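*Asks:* My questions are about this predicted structure, shown below with the sequence.
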Amino acid sequence: MLHSAAPLLEEIAAAPAELSGEFLVRLVRTIRPARANSSVDAPALVRTEAVTRVREIIAMQALITGRDVVVVPVLISRGRVSREKFMEDLKGLPVIYAGDPILPHPLVADWIATRVRETAR
């Protein structure tokens with residue numbers, strides 16, 4: 001997967017910032033088919049343990065502070081995970097959760113291009 005995306009990463013690094021978005025679209029189109037056949041989630045036992053721990057942390061934080069816990073997902077896009085999975089995982093907990101991920105942000109393409117340039121040095 002990374003091998004086929006390498007030429008596109010080089011193009012992003014060489015592109016002017018205003019064009020980097022076009023290259024990112026091409027990169028996503030290259031990577032998406034490779035992801036289509038893979039599991040996006042962690043193995044069931046790992047995920048179950050992670051959810052259990054997060055629920056314990058949220059419950060403890062609420063108990064200590066006496067306030068609802070604000071949950072901000074660190075995701076790169078909106079989708080089923082932020083709308084459904086997390087809601088199910090947080091069900092019954094004292095949380096404030098809007099379901100909006102941190103990204104997408106209008107400057108993410110610039111940030112990625114900068115990171116590629118820095119890494120390519």
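*Replies:* Received it, and whenever you're ready, just let me know what you need. Numbering: from 1, shown residues only.
*Asks:* going forward, measure contacts between C-alpha atoms and count neighbours the same way
*Replies:* OK.
*Asks:* after the biggest helix by length in the chain, next one along is what?
*Replies:* In the chain, taking DSSP state H as the definition, the longest helix is helix 44-65. Sequence-wise, the next helix or strand downstream of helix 44-65 (DSSP states H and E) is strand 69-71.
*Asks:* Tell me which helix or strand in the protein has the weakest average pLDDT.
*Replies:* helix 2-14 (a mean of 51; mean pLDDT, DSSP states H and E).
*Asks:* Can you get me a residue count around residue 90?
*Replies:* Residues lying near residue 90 (other C-alpha atoms under 10 Å) number 17.
*Asks:* whoops, residue 111 was the one
*Replies:* 14.
*Asks:* Just the element for it, please.
*Replies:* helix 108-120.
*Asks:* Quick one: list the elements packing against that helix.
*Replies:* helix 2-14, helix 20-36 (3 or more C-alpha pairs under 8 Å, 6 or more residues apart in numbering; DSSP states H and E).
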